[in-house]
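> Could you work out the structure for the sequence below:
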Amino acid sequence: MADTAIFDVDGTLVDSNYQQALSWFRAFRRFDITLPVWQLHRAIGMGGDNLVPYVAGDDVEKRHGDALRSAQQEEYGEMIGEVQPFADARRLLEEVKRRGFRLVLASSGHADKVDKSLDLLGGKDLADAWTTSEDAEHSKPSPDLVQTAMRKVGATAGVMIGDSVWDIKAAEKLGVPTLAVLTGGFSREELAEAGAHAVFGSLGELLEALDSTPLATAD
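Predicted structure coming up:
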């Protein structure tokens, strides 16, 4: 039985994946590189250190990697005011906390962007801990962030709640099951094939089904 629930933030609790994809598109255009937005969306959930070589190749990473990541942060900063929490996000966090789980809000975003997302959720009032890009040497699909999240609260066993295949792959490397939601735009089939323990259409659907998941009762 698990004692800790690790919630991915972007795309899972707040509706930001498409703003993230568009900000990457605009960042690459600064360097006269045009990538299809759908292709960028498939990589959202990765950290920027992995995303650039994944979508554009190692040569682009060597020539422009750090500058691209800086540009993406600037572009996303222009759109962050459009980001809103998903329906039932706060209710789900409150219920999971009520059931006795330690609560960690996990993000690989820069601290200022994470603060804005947590403020939308009132997350700092509920969470036992949260993470930012400063907390892990390697981003998803590396397991570093999940491992850090568990270490911050002294977890013995965790459950990941995420929206992307990258959440699932990162958690799976530590033997942590993932409950996936469709809120990030990845299909049910993709999430199931990546190894999700179960897939839900929305946070509200997950909330109604908690008793049938590893989040039924904390250890």
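
> tell me the domain boundaries of the protein?
4-16+84-212, 17-82 (automatic domain parsing).

> Which among those domains is found nearest to Asp219?
Closest to Asp219 of these, according to CB to CB: domain 4-16+84-212, at 6.6 Å. The way it works is simple: take the backbone N, C-alpha and C, and place the C-beta from them, glycine included.

> Please tell me how far Glu74 sits from Ala67.
Separation of Glu74 from Ala67 (CB to CB, to the nearest Å): 11 Å.

> Check Ala218 too.
From Ala218 across to Ala67, the span is 44 Å (CB to CB).

> So for those two, which sits in the more crowded spot?
Remark: of Ala218 and Ala67, Ala218 carries more neighbours, 19 against 13, as counted by other CB atoms under 10 Å.

> Okay, buried residues for the longest helix seen in the chain please.
Looking across the chain with DSSP state H, the single longest helix is helix 58-79. Buried residues in helix 58-79, counted by 16 or more other CB atoms under 10 Å: Val60, Glu61, His64, Gly65, Leu68, Arg69, Ala71, Gln72, Gln73, Glu75, Tyr76.

> all helices of the chain, in order?
Along the chain, counting by DSSP H, helices occupy 17-29, 37-43, 48-56, 58-79, 89-98, 111-121, 123-126, 144-152, 165-172, 188-194, 203-208.

> Would you mind listing the buried residues in the second one?
Within helix 37-43, the residues that count as buried by 16+ other CB under 10 Å are Leu40, His41, Arg42, Ala43.

> ok, back up a step: will you turn the domains of the chain into JSON lines that also has mean pLDDT?
Output for those, formatted as JSON lines (pLDDT from 0 to 100):
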{"stretch": "domain 4-16+84-212", "mean pLDDT": "94"}
{"stretch": "domain 17-82", "mean pLDDT": "96"}
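
> what's the most buried one of the helices of the chain?
Mean neighbour count, computed with mean count of other CB atoms under 10 Å, is highest for helix 165-172 among these, reaching a mean of 27.

> Who are the packing partners of that helix?
Contact analysis of helix 165-172 by 3 or more CB pairs under 8 Å, 6 or more residues apart in numbering; DSSP states H and E lists helix 144-152, strand 158-162, strand 178-181, helix 188-194 as its packing neighbours.

> got the angle for the longest one vs strand 158-162?
An angle of 140 degrees separates the directions of helix 144-152 and strand 158-162 when computed by axes from the mean of the first three to the mean of the last three CA atoms, to 10 degrees.

> What are the contacting residues of helix 144-152?
4, 6, 104, 106, 108, 128-129, 131, 135-139, 155, 158, 160, 170-171, 173-174, 176 (CB atoms under 8 Å, 6 or more residues apart in numbering).

> Can you tell me, leaving aside adjacent residues, what's nearest to Trp24?
Using CB to CB, 6 or more residues apart in numbering and skipping the chain neighbours, the partner closest in space to Trp24 is Leu40 (4.7 Å).

> my bad, Leu35
Phe28 (5.4 Å).

> Can you give me the distance of that neighbour to Val37?
Phe28 is 10 Å from Val37, by CB to CB.
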